[in-house]
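**Student:** Structure of the sequence below:
(one chain, ligands or ions: 4)
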Amino acid sequence: MSRKTLTQYLVEQQRKEQAVSAEVRLLIETVARACKAIGHAVSKGALGGVLGSLDTENVQGEVQKKLDVLSNEILLEANEWGGHLAAMASEEMETIHLIPNRYPKGEYLLLFDPLDGSSNIDVNVSIGTIFSVLHAPHHTSGQEVGEADFLQPGSQQVAAGYAVYGPQTMLVLTVGTGVVGFTLDREMGSWVLTDEDIRIPEQTAEFAINMSNMRHWEAPVKRYIDDCLAGKTGPLGKDYNMRWIASMVADVHRILTRGGIFMYPRDERPSGKKGKLRLMYEANPMSFIVEQAGGAAIDGNCRILDIQPDALHQRTGVVLGSREEVERVQQYHETA
Ligand code: AHG
Ligand code: MN
Ligand code: MN
Ligand code: MN
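**Tutor:** Numbering: from 1, shown residues only. Ligands and ions are numbered 1, 2, ... in the order given. The predicted model follows:
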């Protein structure tokens, strides 16, 4: 029997679980098509003239890579005309992008990190795209959507997903009824369902953190990592192992596949007080996916999906992955 495609999966979700409205189905298919285009550009590398940096900086204070900007443009262009969005927000844009008046406006907000792991672009290591879907609040007075309408806790997300451009190009998605994975069939150009129910193992002996920040960490993080490194065996009775890819999408995909804990904690630097990763289009979508796969996601102390945002590009500490291990880290914070 042939495998299901993304369209078939979404139609079934629309029928069976009412988990997906027709608009959200169309929106996800449009984003998935844009990710195919981004993946195609990524795979060309030097041949497509997409490597290297521009001489521009984004609102994050990061030098933009050509692919950051190209991916952002692909997502904007793909989603403007569909009629299911009121506005979009991106890591690469200072403020929100309203749907031009020549197109109908819809009920949803789309947020994205168009190219995650930019520091890996020029060294041919897996990178990705992360997206999040929220309801657009109703404005009776016909008033335009504003930035404040995006500032919803991650628990309000309607859908979230990521594409990872690696040895395979994959799309991982949740609409609130579990987590599924699709692999791009390049010959057919279709997203084929290859993982019907992704679950994160509750226990792990594998942690992911950028060790070069150790001197800046808060005490509970230092103690937890010291214990891991001191050979205090983890729950599996074996020594801990470490991985750090520096593309959140790739680290999270590994954790969804074989378990693990991913940490980008807030630290004591002025720039690190709130953490490095962005709440609205990195931490929230990834936390929704991880929780839907049976894992947990906290900022160190509190559930990430409960955080009430107060700024579009605000940052947060991130500790996510195998539930039991995240709970262990939380205990280190509670006994700080
Ligand atoms: P982006 O490329 O979208 O700016 O995100 C990069 C993030 C995340 O993908 C990754 O986990 C983290 O930055 C890596 O940070 P370090 O380079 O400090 O390790
Ligand atoms: Mn990112
Ligand atoms: Mn990015
Ligand atoms: Mn960036």
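**Student:** from here on, contacts and neighbour counts on C-alpha atoms
**Tutor:** Noted.
**Student:** Buried residues, the biggest helix by length in the chain. List them.
**Tutor:** Longest helix in the chain by number of residues (criterion: DSSP state H): helix 22-44. Residues of helix 22-44 classed as buried: 23-39, 41-43 (neighbour count, 16 or more other C-alpha atoms under 10 Å).
**Student:** swap in stretch 133-144?
**Tutor:** Buried residues in stretch 133-144 (16+ other C-alpha under 10 Å): 133, 134, 135, 136, 137.
**Student:** for stretch 181-200, same thing?
**Tutor:** The neighbour-count check on stretch 181-200 (16+ other C-alpha under 10 Å) flags 181, 182, 183, 184, 190, 191, 192, 193, 194, 198, 199, 200 as buried.
**Student:** Mind exporting the C-alpha coordinates of the longest helix of the chain to PDB?
**Tutor:** C-alpha atoms of helix 22-44 as PDB (Å, rounded to 0.1, in the frame of the first residue of the first chain):
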ATOM      1  CA  ALA A  22      -9.600  24.000   5.800                       C
ATOM      2  CA  GLU A  23      -7.700  27.300   6.100                       C
ATOM      3  CA  VAL A  24      -5.100  25.700   8.400                       C
ATOM      4  CA  ARG A  25      -4.700  22.800   6.000                       C
ATOM      5  CA  LEU A  26      -4.100  25.200   3.100                       C
ATOM      6  CA  LEU A  27      -1.700  27.200   5.200                       C
ATOM      7  CA  ILE A  28       0.400  24.200   6.200                       C
ATOM      8  CA  GLU A  29       0.500  22.900   2.600                       C
ATOM      9  CA  THR A  30       1.600  26.400   1.400                       C
ATOM     10  CA  VAL A  31       4.300  26.600   4.100                       C
ATOM     11  CA  ALA A  32       5.400  23.000   3.200                       C
ATOM     12  CA  ARG A  33       5.700  24.000  -0.400                       C
ATOM     13  CA  ALA A  34       7.800  27.000   0.500                       C
ATOM     14  CA  CYS A  35      10.100  24.800   2.600                       C
ATOM     15  CA  LYS A  36      10.600  22.600  -0.600                       C
ATOM     16  CA  ALA A  37      11.700  25.800  -2.400                       C
ATOM     17  CA  ILE A  38      14.000  26.700   0.500                       C
ATOM     18  CA  GLY A  39      15.400  23.200   0.600                       C
ATOM     19  CA  HIS A  40      16.000  23.300  -3.200                       C
ATOM     20  CA  ALA A  41      18.000  26.600  -2.800                       C
ATOM     21  CA  VAL A  42      20.000  25.200   0.100                       C
ATOM     22  CA  SER A  43      20.900  22.100  -1.800                       C
ATOM     23  CA  LYS A  44      22.400  24.200  -4.600                       C
END
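**Student:** Number the residues from 427 up from this point.
**Tutor:** New numbering, starting at 427: the last item is helix 448-470.
**Student:** what pairs with the helix or strand following it, and is each one parallel or antiparallel?
**Tutor:** The helix or strand immediately downstream of helix 448-470 is strand 479-483, counting by DSSP states H and E. Neighbouring strands of strand 479-483 in its sheet, by DSSP bridges, are strand 489-491 (antiparallel).
**Student:** Is there any residue in the partner strand that contacts ligand 3?
**Tutor:** No - against ligand 3, strand 489-491 shows no contacts by C-alpha under 5 Å from the ion, the least distance being 9.0 Å.
**Student:** so how far is the helix or strand following that strand off the chain centroid?
**Tutor:** Of the helices and strands lying after strand 489-491 in sequence (DSSP H and E), the nearest is helix 492-506. Distance, stretch centre to chain centre, for helix 492-506: 16 Å (C-alpha atoms, centre = their mean, to the nearest Å).
**Student:** Next, the angle helix 448-470 makes with helix 492-506.
**Tutor:** On the basis of axes from the mean of the first three to the mean of the last three C-alpha atoms, to 10 degrees, helix 492-506 is oriented at 150 degrees to helix 448-470.
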